[in-house]
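only geometry, no sequence info:
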């Protein structure tokens, strides 16, 4: 077994990994990396080697985007807009080449078109290995809807710059929220139109699975999704505390369910309680759980339209944030728009 703490190569070869990591992504660098056996590197250099390969992966993904465009074309041959639809034949060709489902292939085509036609800086950063393919994908997915709404190209450049800078030290999910926040600040009207349009796509579906299981899929507005999940979490935590207390008092085995199991049981319990209750008990109530909402003071009083920040999700339109701030069941954090300092803390 190799001792990962002992360097097994000469110091100059160890430093060579750092040189490759810092070098611009290219076929020459990739070739040199492939010639190196990572198991012969010290532990720190193995990490650098992994990072260097990931950088090359971004470069390869940039070329993959070009290849997808070459097959599918810059625009759909039969579609009303840029972002939906491509001939079945072309989509199937991409799906076959990449061994993907038709739906996943369509997503890749849409992303490639967005990057190629509207996000040159993101594409360049991907080609240089400065951002990963996952970062590029979320940036493209987040901006494609506001592009459809006709956002100013100059604002797209600002969004690109903010996203690329944020990607250096943040995950794709964090970058996605950064993009949403930037869009909401630079183009609040387009952002709100996108959110309002997406609201019309909400749905709940059920899919049978093997072994006596099923999957329930709910596509909800972020506010409603957080409300549902917090209700599930509250029931799960309460059941855990009650079971733990019972085991102490009765000297019985404690609850061995995982938190995922408890959340699943909580969802079933929530639905069962509703079905088993009387009509009078099923009257509409306001949200029974408290979530956190952060927005700045000028936005709260209607002078600005900066996005609110919904805990557990991220940026939401100013109009929705103001509406929620008036709801007594939301915990409000009012901040200074410049310093971000907390100005007011409203409890339920």
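The structure has been received and is ready for your questions. This is a predicted model, so every value here is computed, not measured.

domains for this structure, by residue range?
11-199, 205-282, 291-346 (automatic domain parsing).

quick one: those as a markdown table, columns for mean neighbour count and mean pLDDT too.
All C-beta atoms are positioned from the backbone trio N, CA, C, and that covers glycine. A markdown table is the format used below for the domains of the chain (neighbours: other C-beta atoms under 10 Å; pLDDT from 0 to 100):
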| stretch | mean neighbour count | mean pLDDT |
| --- | --- | --- |
| domain 11-199 | 17 | 89 |
| domain 205-282 | 12 | 82 |
| domain 291-346 | 17 | 76 |
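
is it correct that residue 51 is in contact with residue 21?
Yes. When contacts are counted by C-beta atoms under 8 Å, residue 51 is listed as touching residue 21 (5.8 Å).

pretty sure residue 219 contacts residue 228?
No. Residue 219 lies out of contact with residue 228 (C-beta under 8 Å); the separation is 11.8 Å.

can you pull out the strands in this structure?
203-208, 214-219, 291-296, 308-310, 314-316, 330-335, 342-346 (DSSP state E).

give me the contacts around stretch 167-186.
Under the criterion C-beta atoms under 8 Å, 6 or more residues apart in numbering, residues 125, 130-132, 134-135, 137-139, 141-143, 146, 151, 155, 158-159, 162-163, 166, 190-191, 306-307, 309, 313-318 lie in contact with stretch 167-186.

now residue 184. Nearest residue, chain neighbours left out?
With sequence-adjacent residues excluded and distances taken as C-beta to C-beta, 6 or more residues apart in numbering, residue 184 is closest to residue 307, at 3.3 Å.

again, but for residue 205
With C-beta to C-beta, 6+ apart as the criterion, residue 205 has its nearest non-adjacent residue at 4.7 Å, and that residue is residue 217.

quick check: the closest residue to residue 149 other than its chain neighbours vs residue 23, distance?
Among residues not flanking residue 149 along the chain, residue 190 sits closest, at 4.2 Å (C-beta to C-beta, 6+ apart). For residue 190, the distance to residue 23 equals 39 Å [C-beta to C-beta, to the nearest Å].

can you check residue 94 too?
Counting by C-beta to C-beta, the gap from residue 94 to residue 23 is 31 Å.

kindly report the same for residue 311.
Here residue 311 is placed at a distance of 41 Å from residue 23 (C-beta to C-beta).

next one: stretch 28-44 to chain centre, how far?
31 Å (C-alpha atoms, centre = their mean, to the nearest Å).

again, but for stretch 216-228
15 Å.

surely residue 125 meets residue 164?
Yes. Here residue 125 reaches residue 164: they are 4.9 Å apart, a contact under C-beta under 8 Å.

which residues are in contact with both of these two?
Going by C-beta under 8 Å, 6+ apart, residues that sit against residue 125 and also against residue 164 are residue 131.

can you show me the helices along the stretch 201-348 of the chain?
Secondary structure of the stretch 201-348 of the chain (DSSP state H, counting those that start in this stretch): helices located at 222-250, 259-276, 297-300, 318-325.

I'd like those helices laid out as CSV, including distance to residue 206.
Formatted as CSV, the helices of the stretch 201-348 of the chain follow (distance: least, C-beta to C-beta, whole Å):
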stretch, distance to residue 206
helix 222-250, 16
helix 259-276, 12
helix 297-300, 39
helix 318-325, 28
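
wait, which of those is closest to residue 208?
Closest approach to residue 208 among the helices of the stretch 201-348 of the chain is made by helix 259-276 (16.1 Å; C-beta to C-beta).

by contact count, what packs against that closest one?
Applying 3 or more C-beta pairs under 8 Å, 6 or more residues apart in numbering; DSSP states H and E, one finds that helix 259-276 contacts helix 222-250.

quick one: the helix it packs on to helix 318-325, angle?
40 degrees (axes from the mean of the first three to the mean of the last three C-alpha atoms, to 10 degrees).
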